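Asks: this one's structure only:
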């Protein structure tokens, strides 16, 4: 399975929960993508890491990286799309940004977010920039991708709110 959605939708949280509950390998694409000091892995290295990780028998991945979509979606059986409203995502991003900044939470490979990065909404360093830039694009793009022959094998589960996700998860057990 792969969980997709905008930044701060809760992809990792849901993936970790399902991985723990069902004994799946958890693949965090951000951890495969980001090197120390916020350097991006080369596309070749990122694709190799993703290829190796998705060869496991039972796995769940979180993330939206187009560079490895063919690998991840090609091997997945289902896509869970956390398609939450813009105000909901904005709120969750704000809460998460404050929490991570205050706690100095380590993310991947020693990386930590800096609060002032997010204030520069014009910059690619800001997750608010990515939210504004990608929200409407993905809402249009994903349904088109789901129709492609290469992904016809996927079961698509579209969850429109945390409440809907919680109800789905309760019924999934």
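Replies: Ah, there it is. Just so it is clear, the model here is predicted, and its values are computed rather than measured.

Asks: CA only for contacts and neighbour counts going forward, please
Replies: Fine.

Asks: how about the helices in this structure?
Replies: Ranges of helices in the chain, per DSSP state H, are 11-22, 29-33, 43-53, 69-75, 86-103, 115-119, 127-146, 162-172.

Asks: now for the ones you listed, which one comes closest to residue 60?
Replies: helix 11-22 (6.3 Å; C-alpha to C-alpha).

Asks: sorry, back to before: which one of the helices of the chain has the lowest average pLDDT?
Replies: Lowest mean pLDDT within these: helix 115-119, a mean of 62.

Asks: gap between the closest residue to residue 58 other than its chain neighbours and residue 1?
Replies: With C-alpha to C-alpha, 6 or more residues apart in numbering as the criterion, residue 58 has its nearest non-adjacent residue at 5.2 Å, and that residue is residue 24. Distance, residue 24 to residue 1, by C-alpha to C-alpha, to the nearest Å: 10 Å.

Asks: give me the common contacts of these two.
Replies: 59, 60 (C-alpha atoms under 8 Å, 6 or more residues apart in numbering).

Asks: ok, these two, which is more surrounded?
Replies: Neighbours were counted for residue 24 and for residue 1 using other C-alpha atoms under 10 Å; residue 1 has more, 24 against 19.

Asks: follow-up on the earlier one: can I get the helices of the chain in CSV with mean neighbour count?
Replies: CSV is the format used below for the helices of the chain (neighbours: other C-alpha atoms under 10 Å):
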stretch, mean neighbour count
helix 11-22, 17
helix 29-33, 19
helix 43-53, 16
helix 69-75, 18
helix 86-103, 15
helix 115-119, 14
helix 127-146, 15
helix 162-172, 12
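
Asks: residue 152: which of those is closest?
Replies: helix 127-146 (6.9 Å).

Asks: and the angle for that closest one with helix 86-103?
Replies: For helix 127-146 against helix 86-103, the angle by axes from the mean of the first three to the mean of the last three C-alpha atoms, to 10 degrees is 130 degrees.

Asks: hang on, isn't residue 160 packed against residue 85?
Replies: Yes. Contact status for residue 160 versus residue 85: in contact at 7.3 Å, counting by C-alpha atoms under 8 Å.
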